[in-house]
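Trainee: Test case, fold it:
(chains A and B)
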Amino acid sequence: MDESIISKYDEMLFTPGHRACPGCGASIAVRAILEATGPDVIVVSPTGCVETFTAQYPYSPWGVPWLHVLFENAAAVASGVEAALKKRGLADKVKVIVIGGDGGTHDIGLGALSGMMERGHNVTYICYDNEAYMNTGVQRSSATPMGASTMTSPAGTLAWGKEQPKKNLPAIALAHGIPYVATASIAFPKDLTRKVKQALAIKGPKYIEVHSPCPIGWGFDAAQTIEIARLAVQTGLVPLYEVSEDQPLQVRKLPKRVPVVEYLRLQRRFRHLFEAEGRQAYLNLIQAIADENVIRYKLGEQNSEIDQN
Amino acid sequence: MKEIRLHGRGGQGAVLAAELMVVAAFEDGKYGQAFPAFGGERRGAPVQAFVRLDARPVRVRYRVNQPDHVIILDRMLPNTVDVLSGLKPDGLAFMDSEKSPATLLWSVDAPVYAVPATRIALEVFGQPFVNPAMLGAWAAVTREVSLEAIQRAYQHRFPGSLGEKNSRAAQKGYDFIRAGATPVQVKKSEQTPGGVIKWNREEVAGVPGQPLHFASVVAARTSLAYPTGSWRYSRPVVDPAACNGCGVCETFCPDSSLMIVDKQAIVDYGFCKGCGICAEECARNAIQMVIEEA
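Mentor: Numbering: from 1, shown residues only, chains lettered A, B, ... in the order given. Below you'll find the model as predicted:
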């Protein structure tokens, strides 16, 4: 090991030695999130990839207090942590965040998350969205996009992968009337870090969803993680935006849009859409989702005020 | 009873090889069991599988801590994993390698057979499926199961030409030993193999006096005692002249193992898993991925 590096590990909030697969998108997200929080934070994680690869007892990469709780109750436990901090007079000094996957957020933990948002706890809930249950062998979640083949939504001669569209959880969070909701991508880490900082500065429940590609589950080379994440944004399939009480809708504009096939064809989970005859209709359906996003989130207009870092 | 431990990396087939060893033993009328050690990790991570063979039914159900034989499917492993841990005094080891094992790190003195299983696999399959040749060599030395039984186990598992190829690779491993290959006597090295770190319980437990159980608090940053560099198949090499220290690689490193120090990217090869994101994202092409060779 290089001596000049070793000295840096003592200060690091997320050290190496964790067991994430090579090229893991979620661990890039965790690093960018902790860049924003700094050391005065308590992180709660439901079961999921991040929990599994950072909790091989007794090896922990966390340089901040971290709690692993059940799949379904991360938001409830974070609410309790926040209440305890209040009681002890530490609420202004210590931030509480959740870092959970899409399974623990969109599916299993949604009830507790809804309760946390409705009760108005001062917690920033961040979902790293890798669009399926990766750690257990790639089963579909409600965040899996339309057309993706997973273990439990396999493509075949009749089926073309998951038939339902991705659940729009940021919209569900917004419907709770919470003061801050944002989407982000690991391809734009400065934007992600800024959004987490922005959220932490606001009191009340906040929700941020971070698109985090998975080389194993999506089927692409580990070196391509960032490129895949970037393409997801550039096609319009993953709109990056934020909504807060002060600012109605801020979006990352797409001056030049990329057709969705450029993104889909690089991934094994969509390969069936290119191999069989008569699948053009499905590609058109997925392109229509991107087109709809452009209209709904006004991705195409040029009068942008957003930081393009 | 003979106890065998296989060491490989996720995706190399150690678990499959263990299973087929026992299927072969059944063919020969023996009893046996095979099971893997699971962790949360996946592709490239060191994995273990355990085998027990006996003339009588095998009743014990714990992992093999004192193996008679150790089979190592990857030459890179001994420097990071203590593959000979607990090896019995008259134990034997088998490793896929064309080079002498003498220069690697070992925790005990032991005879190690170096079997050119990768070369055999490339000849037979065109791909590095090393396990049939390793099992052929192991059978030739130990005679625990017959070569024919191993070949039948592969053919049963992979009907058709793939089974035929596996059978041929097993034969080649067997013939390599029969042609007079002898083991290399490796010596306990001064430096101990890394990987399985002997952590201090007092230091790791976060609350003094707290009993150690699954709910106990673990100290911060203990994973620094678990180097993941052995997962790597290729390494990023930085060209200092081309690197301007912009830090894009550092931001995108999933393993926090690449840092900018004095405007230069420095890789910690103790942890880098070799994903290649840094090389892919570097705008100045200052990082190249180079295949690892032990």
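Trainee: Please state the offset of whatever helix or strand residue A:52 lives in from the chain centre?
Mentor: Assigned by DSSP states H and E, residue A:52 falls within helix A:49-54. Remark: helix A:49-54 is offset 14 Å from the chain centroid, using Cα atoms, centre = their mean, to the nearest Å.
Trainee: I'd like to know which elements it is packed against.
Mentor: Using 3 or more Cβ pairs under 8 Å, 6 or more residues apart in numbering or on different chains; DSSP states H and E as the contact definition, the elements that helix A:49-54 packs against are helix A:25-37, strand A:95-101. No exception for glycine: its C-beta is placed from N, CA and C like everyone else's.
Trainee: Make a markdown table out of these and add distance to residue A:64, mean pLDDT and mean neighbour count.
Mentor: Below are the helices and strands packed on helix A:49-54 laid out as a markdown table (distance: least, Cβ to Cβ, whole Å; pLDDT from 0 to 100; neighbours: other Cβ atoms under 10 Å in any protein chain shown):
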| stretch | distance to residue A:64 | mean pLDDT | mean neighbour count |
| --- | --- | --- | --- |
| helix A:25-37 | 7 | 98 | 25 |
| strand A:95-101 | 10 | 98 | 28 |
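Trainee: hang on, residue B:91 packs against residue B:71?
Mentor: No: the criterion here is Cβ atoms under 8 Å, and residue B:91 misses it with residue B:71 at 11.5 Å.
Trainee: who's in contact with the helix or strand that the helix holding residue A:52 is followed by?
Mentor: Moving toward the C-terminus from helix A:49-54, the next helix or strand (DSSP H and E) is strand A:66-68. The contact list for strand A:66-68, computed with Cβ atoms under 8 Å, 6 or more residues apart in numbering or on different chains, reads A:42, A:43, A:44, A:45, A:46, A:47, A:51, A:54, A:55, A:60, A:77, A:81.
Trainee: just the residues you listed now: which is nearest chain B?
Mentor: Closest to chain B out of the contacts of strand A:66-68 is residue A:60 (4.8 Å), distances taken as Cβ to the nearest Cβ.
Trainee: Count the neighbours of that closest one for me.
Mentor: Here the number of neighbours of residue A:60 (other Cβ atoms under 10 Å in any protein chain shown) works out to 24.
Trainee: can you check residue B:254 too?
Mentor: Close neighbours of residue B:254, defined as other Cβ under 10 Å, add up to 28.
Trainee: likewise the one 5 residues further on?
Mentor: Summarising burial for residue B:259: neighbours were counted as other Cβ under 10 Å, giving 20.
Trainee: so where does it fall, helix or strand?
Mentor: Assigned by DSSP H and E, residue B:259 belongs to strand B:258-261.
Trainee: what does residue B:93 give?
Mentor: Residue B:93 is located in strand B:92-96, with elements delineated by DSSP H and E.
Trainee: Check the offset of the following helix or strand past that strand from the chain's centre.
Mentor: Using DSSP H and E, the helix or strand that follows strand B:92-96 in sequence is strand B:110-115. Computed by Cα atoms, centre = their mean, the chain-centroid distance of strand B:110-115 equals 15 Å.
Trainee: Compute the inter-axis angle for strand B:110-115 and strand B:92-96.
Mentor: 30 degrees (axes from the mean of the first three to the mean of the last three Cα atoms, to 10 degrees).
Trainee: what's the model's confidence in strand B:110-115, averaged?
Mentor: Per-residue pLDDT over strand B:110-115 has a mean of 97.
Trainee: ok, then the element right after that strand?
Mentor: Beyond strand B:110-115 on the C-terminal side, the first helix or strand identified by DSSP H and E is helix B:117-124.
Trainee: quick one: the following helix or strand past that following helix to strand B:92-96, angle?
Mentor: Sequence-wise, the next helix or strand downstream of helix B:117-124 (DSSP H and E) is helix B:131-142. Calculated by the same axes, to 10 degrees, helix B:131-142 forms an angle of 150 degrees with strand B:92-96.
Trainee: Who are the packing partners of helix B:131-142?
Mentor: If you count contacts as 3+ Cβ pairs under 8 Å, 6+ apart, helix B:131-142 packs onto helix B:14-27, strand B:69-72, strand B:92-96, strand B:110-115, helix B:117-124, helix B:147-157, helix B:161-178.
Trainee: And for it, what's in contact with it?
Mentor: Contact with helix B:131-142 is made by B:2, B:12-14, B:16-17, B:20-21, B:24, B:69, B:71, B:73, B:92, B:94, B:96, B:113, B:115-117, B:120-121, B:144-147, B:150, B:154, B:166-167, B:169-178, B:181, as judged by Cβ under 8 Å, 6+ apart.
Trainee: burial measure for the nearest residue to residue B:150 once chain neighbours are set aside, as a count.
Mentor: Leaving out its chain neighbours, the residue that sits closest to residue B:150 by Cβ to Cβ, 6 or more residues apart in numbering or on different chains is residue B:24, at 4.5 Å. Per other Cβ under 10 Å, the neighbour tally for residue B:24 reads 27.
Trainee: The closest residue to chain B within the stretch 151-300 of chain A: what's it in contact with?
Mentor: Nearest residue of the stretch 151-300 of chain A to chain B: residue A:223, at 3.2 Å (Cβ to the nearest Cβ). By Cβ under 8 Å, 6+ apart, the residues touching residue A:223 are A:23, B:275, B:276, B:277, B:279, B:280, B:289.
Trainee: before we move on, what about residue B:122?
Mentor: When contacts are counted by Cβ under 8 Å, 6+ apart, residue B:122 touches residue B:128.
Trainee: ok, back up a step: just the mean pLDDT for the helix holding residue A:52, thanks.
Mentor: pLDDT averaged over helix A:49-54 gives 94.
Trainee: again with stretch B:265-276
Mentor: Stretch B:265-276 shows a mean pLDDT of 94.
Trainee: just the strands in chain A please.
Mentor: With DSSP state E, the ranges of strands along chain A come out as A:41-45, A:66-68, A:95-101, A:124-129, A:180-185, A:206-211, A:241-244, A:250-251.
Trainee: The fifth one pairs with which strands, and in what direction?
Mentor: Applying DSSP bridges to the sheet, strand A:180-185 is found paired with strand A:206-211 (parallel), strand A:241-244 (antiparallel).
Trainee: For the first one, what does the pLDDT average out to?
Mentor: What that stands for is strand A:206-211. Per-residue scores along strand A:206-211 average to 98.
Trainee: Next, the angle from it to strand A:95-101.
Mentor: For strand A:206-211 against strand A:95-101, the angle by the same axes, to 10 degrees is 40 degrees.
Trainee: Does residue B:172 touch residue B:118 like I think?
Mentor: No: if you go by Cβ under 8 Å, residue B:172 and residue B:118 don't touch, sitting 11.9 Å apart.
Trainee: Residue B:91 and residue B:71: which has the busier surroundings?
Mentor: Set residue B:91 next to residue B:71 and count neighbours by other Cβ under 10 Å: residue B:71 wins out with 31 against 19.
Trainee: who does the more buried one bridge with?
Mentor: Partner residues in beta bridges with residue B:71, using DSSP bridges, are residue B:6, residue B:94.
Trainee: quick revisit: next up, the contacts around the residue nearest to residue B:150.
Mentor: With contact taken as Cβ under 8 Å, 6+ apart, residue B:24 is in contact with B:135, B:139, B:145, B:146, B:149, B:150, B:152, B:153.
Trainee: And the residues you listed, which of them are buried?
Mentor: B:135, B:139, B:145, B:149, B:150, B:152, B:153 (16 or more other Cβ atoms under 10 Å in any protein chain shown).
Trainee: No more questions from me, cheers.
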